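>>> Take this sequence and fold it.
(chains A and B)
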Amino acid sequence: MNPNVATQSKALIEDFKWRGLFSQSTDEAALIQSLAKPTTLYIGFDPTAPSLHVGNLVVLLALRRFQLAGHIPIALVGGATGLIGDPSGKSEERSLNTTDVVAAWVDRIRVQVSKYLDFNAKDNAAIVANNLDWTSPLSAIEFLRDVGKHFSVNQMLSKDSVSSRLEAGGISYTEFSYQVLQSFDFLELYRRYNCTLQLGGSDQWGNITAGLDLIRRIESGSGHALTIPLLAKADGSKFGKTAGGAIWLDPEMTSPYAFFQYWLNTDDKDVINFLKVFSFKSREEIEALEKSHAENPGAREAHRALARELTSLVHSADICERVEAAARALFGQGELSELDEATLASALAELPRTTVKNGEPIPTWVDLLAATGVVDSKSAARRIVKEGGAYLNNEKISGEDFAPSKSDFLCGKYAVLRKGKRDLAAVELL
RNA sequence: GGCGGGUUGCCCGAGCGGCCAAUGGGAGGGGACUGUAAAUCCCCCGGCUCUGCCUUCGAAGGUUCAAAUCCUUCACCCGCCA
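Sure, this is the predicted structure:
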């Protein structure tokens, strides 16, 4: 057993509070006491997309924090619950995904989640579970008799996730049942692994406490709930979303370059909070960054630290270095034409691109812009040009009919297209 | 099963036979100012072979010179009744 666990338990909770990761918990003193020895805890992730996104990272990293503190983390992938749909935090009924789709997503998410946990830890190796394993063998009759009997509809109706939906227009029996399934998960994990703590976003409180009730009723056992506030941005907009949609952890869905840029462009007002929530830096380190940020916000040291740590964690240190070097080259004060070919090539490798065959006529740059995907359509490309927001090799050029000539290709090979301040793309002459 | 309401562009939401690519708000985008930040101001925001043309208002048919707007059927959502 990790000898530090006992002394760490109070510090762990204090650290969560300081980081803004503590929304509410069941009896806090009792929780701290139970954490004095290695505790098995879990968080569930429902497969609602082919990848997790940065929003999921908040709780996933919280699970990691617990493991680092000596506890045993279970990442539960919701192969069953993902088929049902959690009404928590949703204002309307969701359409169901097919079982094939959900199964495929489960596989991908299991792999993703595993990346943040340690499965080789000596005393507290992580566990990944899928709630389909214990849900699918259960017959409807068994479920209703053995599990359903312990639930009072009155109580179920009073849960926020249900009552708000009743007011907002309605809820299906399917989604209404979600809390029962999640409770059953907690019960099963309690039985199988003596899992006594469930973490979740603050909208999960009702589901988690329902599970605790079930454990008490059936097994006369006790456990704890700890919820984490939903991450809010200073300007009120939704965290983790951009024009292009969510910021995904999957590099195929959000390129590491875009991922790094997302963090680098964090609002000043949010950056310290984000460091607390996402970073594994110590309080001292973060406070030092806070100080330097306050003194010279333009240097964006805190932003850079945030972007680096997360890109390294989610992708890799190597990839992080590459995309950062690319950004440095492309955003640098220096002339693009002064970059050597190798630097240029590796920087551009991180960007969306299109190619032109040597010898063939070079299309107008409206066509090129559209082809790289930095704009959605040729109309959009025209619009940008008209508005003076299009650049070739960092030079603003107007005129929709403009077509780059060979001499515009740096090192004879590459042209850098830019939309607005920071949306870059490459054209490669083959 | 019956009765009633609904389905409009990324989201919310007007329009209720021609003046509709469709009012307004939000989100988003560009410019200026800056620090690849925020705030602010100006502009834009279906597509294309772009002074015009094409495709959109849940789906498919129909009425009409003309439909997002009227009719029919279908799908989905919501409410109420038993």
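
>>> Is A:P87 part of a helix or strand, or is it coil?
Following DSSP: H, G, I helix; E, B strand; the rest coil, the label given to A:P87 is coil.

>>> For A:K378, see how far away it is.
A:P87 sits 42 Å away from A:K378, taking CB to CB, to the nearest Å as the criterion. Every C-beta, even on glycine, is put in place using the N, C-alpha and C of the backbone.

>>> now swap in A:D408 and tell me
In terms of CB to CB, A:D408 sits 20 Å off from A:K378.

>>> Name the residue in these two with the higher neighbour count.
A:D408 (19 against 15; other CB atoms under 10 Å).

>>> hang on, the more buried one packs against A:Y414?
No. At 9.7 Å, A:D408 and A:Y414 do not qualify as touching, with contact defined as CB atoms under 8 Å.

>>> Kindly point out which residues are neighbours of both of the two.
Counting by CB atoms under 8 Å, 6 or more residues apart in numbering, A:D408 and A:Y414 have no common neighbour.

>>> Report the contact partners of A:N265.
A:H303, A:R422.

>>> Check chain A and tell me which residue is nearest its centre.
Note on chain A: the residue nearest the mean C-alpha position is A:V54, at 1.7 Å, using CA atoms, centre = their mean.

>>> ok, it to A:D376 distance?
Remark: distance between A:V54 and A:D376 (CB to CB) = 23 Å.

>>> again with A:L424
16 Å.

>>> more neighbours, the two?
More crowded of A:L424 and A:D376, by other CB under 10 Å: A:L424, with 26 against 11.

>>> Quick one: mean pLDDT for the helix or strand harbouring that one?
Using DSSP states H and E, A:L424 maps to strand A:423-429. In this model, strand A:423-429 carries a mean pLDDT of 90.

>>> what's that strand packed up against?
Identification of packing neighbours for strand A:423-429 by 3 or more CB pairs under 8 Å, 6 or more residues apart in numbering; DSSP states H and E yields strand A:353-356, helix A:365-372, strand A:414-419.

>>> Just the element for the nearest residue to A:L199 once chain neighbours are set aside, please.
In space, and not counting its chain neighbours, A:L199 is closest to A:I43: 4.7 Å by CB to CB, 6 or more residues apart in numbering. Taking DSSP H and E as the criterion, A:I43 maps to strand A:40-45.

>>> Neighbours of the closest residue to RNA strand B within chain A, how many?
Nearest residue of chain A to RNA strand B: A:G420, at 1.9 Å (CB to the nearest atom of the strand). The number of residues packed near A:G420 is 13, by other CB under 10 Å.

>>> Spit out the contact partners of it.
A:I384, A:G389.

>>> mind showing which ranges of chain A have poor pLDDT?
Within chain A, the stretches with pLDDT under 70 are A:1-7, A:168-169, A:236-238, A:241-245, A:332-334.

>>> Strands of that one, start to end?
A:24-25, A:40-45, A:72-77, A:127-130, A:195-201, A:224-228, A:241-242, A:245-246, A:353-356, A:390-392, A:395-396, A:414-419, A:423-429 (DSSP state E).

>>> Chain A - how does it break down into domains?
Residue ranges for the domains of chain A, per automatic domain parsing: A:5-228, A:241-314, A:336-429.
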